[in-house]
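J.: Quick one, structure for this:
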Amino acid sequence: MIEKKAEGAQASWQARMPRVAPLLVIVAGVCWGLIGLFSNGLAAHGINPIQITFIRNVLSAAILGCIVLIANRALFKIKLKDIWMFLGTGIVSIAFFNICYFACIQECNLSIAAILLYTAPCFVVVLSAILFKERLNARKIIALVLAFVGCLFVVGLVGGTMHLSFVGVLLGLGSGIGYALYSIFARVALARYAPWTVMFYTFLFAALVLAAFADPGALVMQARSQPSVALTMVALACISTLLPFACYTVGLMYMETGKASIMAFIEPLVATIIGVVVFHDNLTVLHVVGMILIIVAVALLNVKTDDDKSPEATSAH
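T.: Below you'll find the model as predicted:
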């Protein structure tokens, strides 16, 4: 009797997940948008962006590893032939896009780097249509255009002065492609492994690569000597890394990859709000227009039509 009730509860939860998945992706975008709360604090102590990215990944891997060790050690098991998936999510995606992104900031400026990074959903939509046969319908294209234009306004590229270089553009597009590839590699990995396995090895491989650029010893000494810095590092890992990646990765199991990627455009909207409310950044009419466009795009993706078909959920382990 108890087993039947448990099976019934699990089946009921699985049935609700396609409706919950968009909310999970939005939560992920919100948490990613909060990163400025922690990264600005770390930057004030002389910690550079590559080091901040390393901190996010190494602490997330450590925290998630401890949870898996206690809850279910079987989740650590992967087949050697599948390691390319996690090299893809961790190195080709996370490590690569961060290195390209920060190099683009140095070559151009933050606004250019941000907008080139947010070409990622364009790549995801195209690759998903080719690899996963996801429908490239008019609604998705309109939402993508609205979200991208909204991002142009939010990051201040529209109405500002552009400083472009060929190398900078290549680096920016590289960051966008790398960012996009997390959704692609993760979608493949989720067909064989639980989201917690995918995330653990993603963080682990990314941290191993970024360690070469981050001077981990100096970070450990700084964390030991300044408890407030250590606390900020842990908050960064938990709130703006582990939680959003968990929400986004689980969301990918129950919705189209392209749709999830477009909905993550909520991140720059939240980052702008945090900048205005917490750091007293200037809020312009163009910023507001950009926010409205992003919200409309996300809402458009969640309007159900008669010809919508619920994507089949990828099997979880």
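J.: So the residue nearest the centre of the chain: helix, strand or coil?
T.: With the centre of the chain defined as its mean C-alpha position, the nearest residue by CA atoms, centre = their mean is Phe245, 6.1 Å away. When the structure is split into helix, strand and coil by DSSP: H, G, I helix; E, B strand; the rest coil, Phe245 lands in helix.
J.: Next, count neighbours for Glu107.
T.: Neighbouring residues of Glu107 were enumerated by other CB atoms under 10 Å; the total is 19. C-beta here means a position set from N, CA and C on the backbone, and glycine is covered the same way.
J.: which residue packs closest to it, ignoring adjacent ones?
T.: Across the structure, with CB to CB, 6 or more residues apart in numbering as the measure, the residue nearest Glu107 apart from its sequence neighbours is Gly168 (3.7 Å).
J.: Now do the one you found, the pLDDT please.
T.: With respect to pLDDT, Gly168 scores 87.
J.: Can you name the residues that contact it?
T.: With contacts taken as CB atoms under 8 Å, 6 or more residues apart in numbering, Gly168 has the following neighbours: 104, 107-108, 112-113.
J.: how about 10 Å then?
T.: Taking CB atoms under 10 Å, 6 or more residues apart in numbering as the contact definition, Gly168 lies against 103-109, 112-113, 116.
J.: Which strand or helix spans it?
T.: Under the assignment given by DSSP states H and E, the secondary-structure element containing Gly168 is helix 166-189.
J.: Please compute how far that helix lies from its chain's middle.
T.: For helix 166-189, the distance between its averaged C-alpha position and the chain's averaged C-alpha position is 11 Å (CA atoms, centre = their mean, to the nearest Å).
J.: Can you list the buried residues in it?
T.: Of the residues in helix 166-189, those buried under the neighbour-count criterion (16 or more other CB atoms under 10 Å) are 168, 171-189.
J.: Dump the contacts of Gly168 to a markdown table, plus distance to Phe279 and pLDDT.
T.: As requested, these are exported to a markdown table (distance: CB to CB, whole Å; pLDDT from 0 to 100):
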| residue | distance to Phe279 | pLDDT |
| --- | --- | --- |
| Ala103 | 24 | 91 |
| Cys104 | 22 | 88 |
| Ile105 | 18 | 83 |
| Gln106 | 22 | 83 |
| Glu107 | 25 | 86 |
| Cys108 | 22 | 81 |
| Asn109 | 18 | 74 |
| Ile112 | 21 | 79 |
| Ala113 | 19 | 83 |
| Leu116 | 23 | 86 |
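J.: if we can go back for a sec, pull the CA coordinates from the helix holding Gly168 and hand them back as CSV.
T.: Taking Å, rounded to 0.1, in the frame of the first residue of the first chain, the C-alpha atoms of helix 166-189 are listed here in CSV:
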residue,chain,number,x,y,z
PHE,A,166,37.6,42.2,-34.4
VAL,A,167,39.3,40.2,-31.7
GLY,A,168,36.8,41.5,-29.1
VAL,A,169,33.8,40.4,-31.3
LEU,A,170,35.4,37.0,-31.8
LEU,A,171,35.9,36.6,-28.0
GLY,A,172,32.3,37.8,-27.3
LEU,A,173,30.8,35.4,-29.8
GLY,A,174,33.0,32.7,-28.3
SER,A,175,31.5,33.4,-24.9
GLY,A,176,28.0,33.2,-26.4
ILE,A,177,28.7,29.9,-28.1
GLY,A,178,30.3,28.5,-24.9
TYR,A,179,27.4,29.7,-22.8
ALA,A,180,24.9,28.1,-25.3
LEU,A,181,26.7,24.7,-25.2
TYR,A,182,25.8,24.1,-21.6
SER,A,183,22.2,23.7,-22.6
ILE,A,184,23.2,21.4,-25.5
PHE,A,185,25.6,19.1,-23.6
ALA,A,186,23.4,19.1,-20.5
ARG,A,187,20.4,18.0,-22.5
VAL,A,188,22.3,15.0,-23.8
ALA,A,189,23.8,14.2,-20.4
